[in-house]
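# only geometry, no sequence info:
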C-alpha cells in the first residue's frame, strides 16, 4: 500500500512537471513565431488584425559574471 501511494504521488509530480515544461515551450514557441488574428468578435470586444511577435532577442547575460 505504501509503494502504491508513493508511485501515485510520483506520477502526479511527473504530470505536473510535464504540464509546466510543455506550457513554457508553447509560450516561447508562440512568442518567437508570432500570433496573428484577423478578426475576433466577442459580445464586449472586437479585434481587427491583431499581430503579436517577440521582436527582440532574449538575452540572459549577467553584467558582473
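Cool, the structure landed. Just so you know, these numbers come straight off a predicted model, no measurement behind them.
# where are the low-confidence patches of the chain?
Applying pLDDT under 70 to the chain picks out residues 1-5, 54-65.
# Could I get the full set of strands for it?
35-42, 45-52 (DSSP state E).
# could you dump those to a markdown table with distance to residue 8?
Bear in mind the C-beta positions are built from the backbone N, C-alpha and C, glycine included. Shown next, in a markdown table, are those (distance: least, C-beta to C-beta, whole Å):
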| stretch | distance to residue 8 |
| --- | --- |
| strand 35-42 | 38 |
| strand 45-52 | 40 |
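# any chance of these in a markdown table, plus mean neighbour count?
A markdown table is the format used below for these (neighbours: other C-beta atoms under 10 Å):
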| stretch | mean neighbour count |
| --- | --- |
| strand 35-42 | 9 |
| strand 45-52 | 10 |
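# Mind checking the ones you listed for the one nearest to residue 7?
Taking C-beta to C-beta, strand 35-42 is the member of the strands of the chain nearest to residue 7, at 39.5 Å.
# Which strands or helices does that closest one pack on?
Secondary structure elements in contact with strand 35-42, counted by 3 or more C-beta pairs under 8 Å, 6 or more residues apart in numbering; DSSP states H and E, are strand 45-52.
# between the strand it packs on and strand 35-42, how big is the angle?
For strand 45-52 against strand 35-42, the angle by axes from the mean of the first three to the mean of the last three C-alpha atoms, to 10 degrees is 180 degrees.
# tell me what strand 45-52 is packed against?
Under the contact criterion of 3+ C-beta pairs under 8 Å, 6+ apart, strand 45-52 touches strand 35-42.
# hmm, who's touching the strand it packs on?
Residues outside strand 35-42 that contact it (C-beta atoms under 8 Å, 6 or more residues apart in numbering): 46-53.
# For residue 19, state which of these is nearest.
Using C-beta to C-beta, residue 52 is the member of the contacts of strand 35-42 that lies nearest residue 19, at 23.4 Å.
# contacting residues around that closest one?
31, 34-35.
# and with 10 Å instead?
For residue 52, the contacting residues are 30-31, 34-37, by C-beta atoms under 10 Å, 6 or more residues apart in numbering.
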